[in-house]
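Chemist: predicted structure and sequence below. I'll ask about it afterward.
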2 protein chains.
Amino acid sequence: MGVAAKDPESYLPLTESVFHILLALTDKERHGYGIMQEVKRRTKGKVKLGPGTLYGSIKRLLEGKWIEESTERPDPAINDERRRYYRLSELGKRIAAAEARRIVDLVHQAREKKLLPDEAVGKLV
Amino acid sequence: MGVAAKDPESYLPLTESVFHILLALTDKERHGYGIMQEVKRRTKGKVKLGPGTLYGSIKRLLEGKWIEESTERPDPAINDERRRYYRLSELGKRIAAAEARRIVDLVHQAREKKLLPDEAVGKLV
DNA sequence: ACTACTATATCGTCCGTCGATATATCGTAG
DNA sequence: CTACGATATATCGACGGACGATATAGTAGT
């Protein structure tokens, strides 16, 4: 068993961009440009990561070991040598989950303040 | 009536600090120090606003007319002249509501990515 | 009077965002 | 086969917000 893991909550809150990048990597490995497209698609164009934000964030995520570069080519049919693929590390998964729990708490607090109509909450059922 | 209101979504995402300040002012008028205490209490000590963040944010919120200073003393029994009370403007209310909707969307996305266990979502029922 | 708490305010540093810019490859229509 | 738009990665600098440190002073209780 490894060293005592640092509490993932100590890394919160995440920035908008970083959380969307982690979300994009939650279900599968992706390369930078693919992350950009997935975020744009998933948020219906509301969130657009520019290259500065995207690659700057990836650099920091690698340094902090929230993500790892994958050496395998997920799809051998596509052989674009430029692509660099990334996956979530165990730490990254724990931080993403902690952030998800944090925003659920936020929704509860907003509801207690009557900031959300009941229908909006009902959709979460 | 009135001029065409700017879409409140254009101000999103809010920073952690700003959203907590708006949440604190949603149910009643408060003074700066009171906002600090309410946020600390509501988040069970997880979010602590330092003076730099608090008063810097208040200044910007006033400039952007998200909040207004109130001249009335909410509790005449307490007469601390130092206190400056604030309330949400109509714009502030609309922005806070838009941000609340945004984070509900985020919870949905996190759930689709299986980042949240079903129980965590069930609590929102 | 002393002390802890209340209350507001500013300053400088640090860090992330984001558009601009650069470079190069891929796929395809002409 | 070549020109073009999309794909793909990367760096830079300006800007703005977060936050701890610091300052100042009034309030309340002992």
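Modeler: That came through fine.
Chemist: tell me the contacts of residue A:103?
Modeler: Listed by Cβ atoms under 8 Å, 6 or more residues apart in numbering or on different chains, the contact partners of residue A:103 are B:103, B:106-107, B:110. In short, each C-beta sits where N, CA and C put it, glycine included.
Chemist: by neighbours, which of the residues you listed wins?
Modeler: Among these, the one with the most neighbours (other Cβ atoms under 10 Å in any protein chain shown) is residue B:110, at 24 neighbours.
Chemist: I'd guessed that one sits against residue A:98; true?
Modeler: No - counting by Cβ atoms under 8 Å, residue A:98 is not a contact partner of residue B:110; they are 11.2 Å apart.
Chemist: and the residue of chain A found nearest DNA strand C, how many residues sit next to it?
Modeler: Per Cβ to the nearest atom of the strand, residue A:52 is where chain A lies closest to DNA strand C, at 1.9 Å. Around residue A:52 there are 8 other residues, counting by other Cβ under 10 Å.
Chemist: which parts of chain A sit against DNA strand D?
Modeler: A:31-34, A:37, A:51-52, A:55-56, A:58-59, A:78, A:80, A:82-84 (Cβ under 7 Å from any atom of the strand).
Chemist: try it again with 6 Å
Modeler: Contact residues, chain A versus DNA strand D (Cβ under 6 Å from any atom of the strand): A:31-34, A:51-52, A:55-56, A:59, A:80, A:82-84.
Chemist: re the thing from before, farthest pair in the contacts of residue A:103?
Modeler: Pairwise distances across the contacts of residue A:103 peak at 10.1 Å for B:103 and B:110 (criterion: Cβ to Cβ).
Chemist: cross the residues of chain A next to DNA strand D against helices and list the overlap.
Modeler: Judged by DSSP state H, the subset of these located in helices is A:32-34, A:51-52, A:55-56, A:59.
Chemist: please spell out the PyMOL selection for the buried subset of these.
Modeler: Here is the PyMOL selection string for the buried members of these, based on 16 or more other Cβ atoms under 10 Å in any protein chain shown:
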select buried, chain A and resi 32+34
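Chemist: reformat the ones in helices among the residues of chain A next to DNA strand D as a markdown table; add distance to chain B and pLDDT.
Modeler: Formatted as a markdown table, those follow (distance: Cβ to the nearest Cβ, whole Å; pLDDT from 0 to 100):
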| residue | distance to chain B | pLDDT |
| --- | --- | --- |
| A:32 | 19 | 92 |
| A:33 | 20 | 93 |
| A:34 | 15 | 93 |
| A:51 | 20 | 90 |
| A:52 | 17 | 90 |
| A:55 | 21 | 95 |
| A:56 | 18 | 93 |
| A:59 | 22 | 94 |
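Chemist: where does chain A have low pLDDT?
Modeler: A:1-5, A:76, A:118-125 (pLDDT under 70).
Chemist: report the longest helix in chain A, please.
Modeler: What stands out as the longest helix in chain A, according to DSSP H, is helix A:90-112.
Chemist: centroid-nearest residue for chain A?
Modeler: Per Cα atoms, centre = their mean, the C-alpha nearest to the average position across chain A is that of residue A:22, at 1.6 Å.
Chemist: burial measure for the closest residue to that one other than its chain neighbours, as a count.
Modeler: Closest residue to residue A:22 apart from its sequence neighbours, by Cβ to Cβ, 6 or more residues apart in numbering or on different chains: residue A:96 at 4.2 Å. For residue A:96, the number of neighbouring residues by other Cβ under 10 Å comes to 24.
Chemist: isn't residue A:96 up against residue A:88?
Modeler: Yes - with contact defined as Cβ under 8 Å, residue A:96 counts as touching residue A:88 (6.9 Å).
Chemist: name the residues contacting each of the two.
Modeler: Counting by Cβ under 8 Å, 6+ apart, the residues touching both residue A:96 and residue A:88 are A:22, A:26.
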